[in-house]
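Asker: Below are the sequence and a predicted model for it; my questions follow.
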Amino acid sequence: MYAESFEYHRAETVDHAIELLESNRDAKVLAGGHGLIPLMKKRELTPDTVVDIGGLDALRGIERTDGAVRIGALSTHTAVGGSPLLREAAPVYPRTVSCITGGKQVHNFATIGGNIARAHPGYDYEGTVLATGSQIHLEGPGGGQTVAASEFFRGALRTSLEETQLITSVVVPTCEGHRDGGYAKRKEPGSGNAIVGVATDIEFESEQAAHIERARVGVNGLQESAVRLTGVEDVLTGSAVTERTVQAATATAGESVQASAVLDNKKASAAYRRNLLGPQVRKSVLQATPLDGEA
Amino acid sequence: MSGETGIGSRVSRTEDERVLLGDSKGTDDVAVPDALHIEFVRSETAHARFTVDTTAAAALDGVVDTFTAADIEESETPTPGPFSLYGAPMEGVEYPDEAFLQQSIPGEKVRYHGEIIGIVVAEDRATARDAVEAVTVEYDELEPVLTTGEAVAEDAPVLHEAASDNVVFEGASGDRERTAANFETAAYTVELEKGPQRVSPSPLEPRSAVAKYDSNGQLEFVATTQIPHGYRRVLARILDYPEHRIDVSVPDMGGGFGSRQHPYPADVLVGWCALELEADVRWRATRTDNQLVENDGRGYEGTWEIALGEQGDILGLRADIRYDLGAWIARGACGLAQSGNSVMTGQYDIPTVYSHVTGVVTNKARVDAYRGVTETPMLMMLERLVDTVAKEAGMDPAAVRRRNFVEPDQFPYESASGAVYDSGDYERNFDLGLETVGYEQLRERQTELRADGQYLGIGLSCWVEGAALGPCGELDIATWGYGSVQVHPTGEVTVRSGGSNHGQGHETSLAQIAAEELRLPFDRVRVVESSTKEVTDGVGTFASRTAALCGSAVVESCRKVIEKARTVAAHELDVDASTVEFRDGQFRSTAADGAVGFEEVASLAHEGAEIPAGIEPGLEKQTYFDPETRTWSFGVHIAVVEIDPETGEIEFQEYVATEDCGVQINPAIVRGQVVGGIAQGIGQTLYENVEYADNGRLLSGSFRTERLGSSGGYTLPKAEHMPEITIESTETPSPHTPHGAKGMGESGAIAAPGAVVNAIEDAVEVFDTEPMTPPIRPETIWRAINETDEE
């Protein structure tokens, strides 16, 4: 298939990109291309202008800042998955990325910015971004803006991102103590997206990881946007790491969920998705704790 | 066996390097400088009267011409005739009316989403595609019927005036009264329904055709077809163009699976454009177009029943089947219904059967052959019935099967459903399967695990595969296999086969046959197929025919070559031909010393100087092999799964497949065919489903879609979804082919569905679930388990 004709611009700087977005109102941003280009080839999207931000090195890199790790918006899945910094400071990120479909070829191109900008309910980052309390940095004509994840994700394929704004980075607050994470995904066999994906982010009291200081659990695929499983969090936070704790957490998995907001479609019914929560929470929590036998 | 590369050798396939390294060329890769590009205007709705206006499109820069049905009618180039049906219809069935035979392009009414209603020809592909969007179509929409139930309901919308009830054929086979009587007196009867399901064969290359027209009036096609000579024949008739002025060749295609066993409207129209414009033209479907209109497979639904006696004897089978044909009867569709009925008894000796089939039209793409064809639904349901009735009778499913197999001394065996099986040894092969999987231990383990709340399931599926169809006299169609062998003066050999390799490995297997017969190293044999220019004639490759039919023709031609070579050698040795033997690649006489090598004989024959009087020069023979009967392969598939009742997730623990296809030319190729078929069988059972919206538009037009609310497009199984497969073989040679090989290749697609469904239902037996129908997803299983809990 061929896309409809369009004008192509390569942005030199972030400001230049924003200028281009301002002066071309029917424009789309091209990052890794694995979301945009298939849609254009199928002619489901027919922008007049494509603004290629692939050359903006300022949007790359994963580095420590004061009390956080900053992930550049153009960081590929490969970069995030292989980052020793994230593996140590927020392991749920690399764990999640390893479950994103597409294999090496997609992972070498697709970016975190592109992924969260699309905000497809079946994509895998949202639960993690939400659970870790990460913030999204945007740049636009009015300057810079920092948005909490819960503010940014507004529904299926909807975010707070304006047409003239760019995501520049995702900032992950770090903690002093030992941290671990898990992502358990039930994959839809056709698209490879998540029917239900549970991201668990745990801060332990100490290196021994015997006691949970704080646990946060975010699930994507369940509803239009990712949500926190506060019932599970309440059971885990402040508890000892035992099989009994995990079972108690699993048992409450569905409780804090707004049943009417659960997606109900041909991929999976709402009842089935709710049913999957318990088992997926269990798998995810086990990944994040020493109970699964891993170091 | 000839060294390491004759029959029975696992020699690596000649084809593999190019197909695995991405060097294979498809039809769309063939370079044709200055060819014009065709794009089709396709109906966007499932059922409507329409008018089409191509004026705006024709005016675009780069557009060479546009055609509608009206334009084609007006033109002096003959209007294409309708498609005819292939093969004999069911016995005793009312033969479908001429009015149902599809025209390549309708003028007034569309009957399925994607039906071609206009043609654009342009200088390049992008212009052609843009031009299609400039064509205006007005639809006066009619209500579509999308299931056979809807189609046969009273007051349903009518697709074809000649069938006011949307039924285009109806027939039955078997003995209705005697079967009913057996059901009356049976100790146990079980009835199972099969829900409708269509699958999409999905070859690697979407359909494509190139038609070149030269100043001599020669029309040359390169096309994605399984039947190059047949394609020529059909298009010659439909286009009213002399066959000997048409050529067809097929490069690599990446599978056909039956969906390319017959030409399509697009093929006809590409040819017509070449004739009309007297120019080279070409077309390629997008993947979406391909999923839209390439023939679907399966499309059966209905009720199947089994009757079992007190001791476990199967007394009768009954089936009432509705066949969803789609909007038009595809060329093979009637014949499939008949052949399905004939295999309904599988491996068992069943005294009475009755099957009633109705062919129904619906506003969807056509249904035709797909790997396994009608053996798949018939044997899936039979094997499910056997398992279910065995359990009802409190008997082991394996024991019931053993009790009912056709015995070795009953062959050739004529079943109550009219099939004549040539040879078989079912119980021996069955035992091999059970032993390989460790059946007894598995049943023990199953009981142990149940106590722990873990659910293992074992599914048996005995299968037969009727292949290499023939003889011609019985089927009333050309069904021979063509094979010629030419020995070059240097002693190398070119084998020409009337088949058309699209993944089956003929370049290798047919070379192995010649290598075996002629005692040559394999690499001195070259196989040519898929070309009307290079091969005199052929019927093509489908229904697992080539190894048995073209292979037999190659064997016979090799033997004719040796026969002639003996006389040339005898002349050279100055002895009587009856004293000459061919052994180890040499011709020797019992009446004299010395030997003449194969190469030397070939050289002598070519020169023609030192050959016997009355013998022509050259060393080349051809054969049209008409079999006495079709061949019957058989075996059993055993799937072992574990099911998590909390989530319905299925995990394969084991998969054992036994195969008896007679003599195996190349066991590695046999394995490849079995594994590939299993992948498609698992795909059908757990993943694949052609999906239409309520308005008749196809939803599953892509392998991957992120459209919210859809079921994700057409889901093909991936490597990660496949079990480890263990294959064991027995060899019961065919009594009717010179090399003993039988047709094979479809067993995986035939047997896997029954094995997997049986395994799933065996695993969840304790939950007393309602029977499930493919595609079976984890949610399906979860619902089946939980719906019974909520009482």
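Answerer: Right, received. Where do you want to start? Since this is a predicted model, take the numbers as computed values, not measurements.

Asker: C-alpha only now, for contacts and for neighbours.
Answerer: OK.

Asker: can you give me the helices in the stretch 1-150 of chain A?
Answerer: A:14-23, A:36-41, A:77-81, A:84-89, A:92-97, A:103-107, A:112-118, A:125-131, A:149-152 (DSSP state H, counting those that start in this stretch).

Asker: In a markdown table: those helices, plus mean neighbour count.
Answerer: Shown next, in a markdown table, are those (neighbours: other Cα atoms under 10 Å in any protein chain shown):
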| stretch | mean neighbour count |
| --- | --- |
| helix A:14-23 | 18 |
| helix A:36-41 | 16 |
| helix A:77-81 | 23 |
| helix A:84-89 | 18 |
| helix A:92-97 | 26 |
| helix A:103-107 | 14 |
| helix A:112-118 | 22 |
| helix A:125-131 | 27 |
| helix A:149-152 | 19 |
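
Asker: check which helix or strand covers B:Ala319.
Answerer: Using DSSP states H and E, B:Ala319 maps to strand B:314-326.

Asker: For that strand, which strands pair with it and how are they oriented?
Answerer: Strand pairing for strand B:314-326, using DSSP bridges, gives strand B:300-308 (antiparallel), strand B:352-361 (parallel).

Asker: Tell me the confidence at the residue of the stretch 51-200 of chain A found nearest chain B?
Answerer: In the stretch 51-200 of chain A, the residue found nearest to chain B is A:Gly190; the distance is 4.6 Å by Cα to the nearest Cα. Predicted confidence (pLDDT) for A:Gly190: 87.

Asker: Also A:Ala89?
Answerer: 97.

Asker: What is the neighbour count of the nearest residue in space to it that is not next to it in sequence?
Answerer: Closest residue to A:Ala89 apart from its sequence neighbours, by Cα to Cα, 6 or more residues apart in numbering or on different chains: A:Thr174 at 6.2 Å. Using other Cα atoms under 10 Å in any protein chain shown, A:Thr174 has 21 other residues around it.

Asker: Who are the contact partners of A:Thr174?
Answerer: Contacts for A:Thr174 (Cα atoms under 8 Å, 6 or more residues apart in numbering or on different chains) come out as A:Gly67, A:Ala68, A:Val69, A:Ala89, A:Ala90.

Asker: how far away is the nearest residue to B:Pro412 once chain neighbours are set aside from B:Asp431?
Answerer: In space, and not counting its chain neighbours, B:Pro412 is closest to B:Asp422: 4.7 Å by Cα to Cα, 6+ apart. When Cα to Cα, to the nearest Å is the yardstick, B:Asp422 and B:Asp431 sit 21 Å from each other.

Asker: Was I right to think B:Lys560 contacts B:Arg566?
Answerer: No: in this structure, B:Lys560 is not within contact of B:Arg566 by Cα atoms under 8 Å, at 9.8 Å.

Asker: Neighbour count for these two, which is higher?
Answerer: Neighbour totals were compared for B:Lys560 and B:Arg566, and B:Arg566 leads with 26 against 18 (other Cα under 10 Å).

Asker: Check which helix or strand that one maps to.
Answerer: Assigned by DSSP H and E, B:Arg566 falls in helix B:551-573.

Asker: so what does that helix touch, helix or strand wise?
Answerer: strand B:481-487, helix B:506-518, strand B:580-583, strand B:586-589, strand B:595-597, helix B:598-607, strand B:620-625 (3 or more Cα pairs under 8 Å, 6 or more residues apart in numbering or on different chains; DSSP states H and E).

Asker: who in the stretch 101-250 of chain A is up against chain B?
Answerer: Residues of the stretch 101-250 of chain A lying near chain B by Cα under 8 Å from any Cα of the partner chain: A:Glu188, A:Pro189, A:Gly190, A:Ser191.

Asker: Could you report the separation of the residue nearest to A:Glu151 when sequence neighbours are not counted from A:Leu291?
Answerer: Nearest non-adjacent residue to A:Glu151, counting by Cα to Cα, 6+ apart: A:Ser160, 7.2 Å away. With distances taken as Cα to Cα, A:Ser160 is found 39 Å from A:Leu291.

Asker: where does B:Pro633 land in three-state SS?
Answerer: Small correction: residue B:633 is Ser, not Pro. strand (DSSP: H, G, I helix; E, B strand; the rest coil).

Asker: ok, now B:Val675?
Answerer: Once three-state DSSP is applied, B:Val675 turns out helix.

Asker: Enumerate every residue touching whichever residue of the stretch 1-150 of chain B sits closest to chain A.
Answerer: Closest to chain A within the stretch 1-150 of chain B is B:Ala126: 6.9 Å, counting by Cα to the nearest Cα. With contacts taken as Cα under 8 Å, 6+ apart, B:Ala126 has the following neighbours: A:Tyr2.

Asker: Which segments of chain A make up each domain?
Answerer: What automatic domain parsing lists as the domains of chain A is A:7-52, A:57-173, A:178-294.

Asker: Reformat the helices and strands packed on helix B:551-573 as CSV; add distance to B:Gln653.
Answerer: Output for the helices and strands packed on helix B:551-573, formatted as CSV (distance: least, Cα to Cα, whole Å):
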stretch, distance to B:Gln653
strand B:481-487, 41
helix B:506-518, 33
strand B:580-583, 49
strand B:586-589, 52
strand B:595-597, 55
helix B:598-607, 52
strand B:620-625, 44
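
Asker: Chain A: which of those is closest?
Answerer: Checked against Cα to the nearest Cα, the stretch from the helices and strands packed on helix B:551-573 lying closest is helix B:506-518, at 32.5 Å.

Asker: Could you point out the helix or strand that follows that closest one?
Answerer: Per DSSP H and E, the first helix or strand lying C-terminal to helix B:506-518 is strand B:525-528.

Asker: Just the buried residues of the helix or strand just after the strand holding B:Ala319, please?
Answerer: Using DSSP H and E, the helix or strand that follows strand B:314-326 towards the C-terminus is helix B:333-342. The neighbour-count check on helix B:333-342 (16 or more other Cα atoms under 10 Å in any protein chain shown) flags B:Ala333, B:Cys334, B:Gly335, B:Leu336, B:Ala337, B:Gln338, B:Ser339, B:Gly340, B:Asn341, B:Ser342 as buried.

Asker: Please apply the same query to stretch B:11-20.
Answerer: B:Val11, B:Arg13, B:Thr14, B:Glu15.

Asker: before we move on, the earlier item: mind pulling up the pLDDT for the residue nearest to A:Ala89?
Answerer: 97.

Asker: Can you list the low-confidence ranges for the chain?
Answerer: No chain in the question, so chain A it is. A:292-295 (pLDDT under 70).

Asker: if you could check chain B rather than the one you did, that'd help
Answerer: B:1-3, B:87-96, B:709-712, B:788-791.

Asker: how about the residues of it near chain A?
Answerer: B:126, B:286, B:646-647, B:687, B:703-706, B:709-717, B:779, B:782.

Asker: Can you turn the buried part of these into a PyMOL selection?
Answerer: Provided next is the PyMOL selection string for whichever of the residues of chain B next to chain A are buried by 16+ other Cα under 10 Å:
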select buried, chain B and resi 126+647+687+703+704+705+706+711+712+713+714+715+716+717+779+782
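
Asker: Filter the residues of chain B next to chain A down to the ones in strands?
Answerer: Nothing among the residues of chain B next to chain A maps onto strands, per DSSP state E.

Asker: Next step: the residues of chain B next to chain A restricted to helices.
Answerer: B:Ala126, B:Glu779, B:Trp782 (DSSP state H).

Asker: now, which of these sits nearest A:Val14?
Answerer: B:Ala126 (33.9 Å; Cα to Cα).
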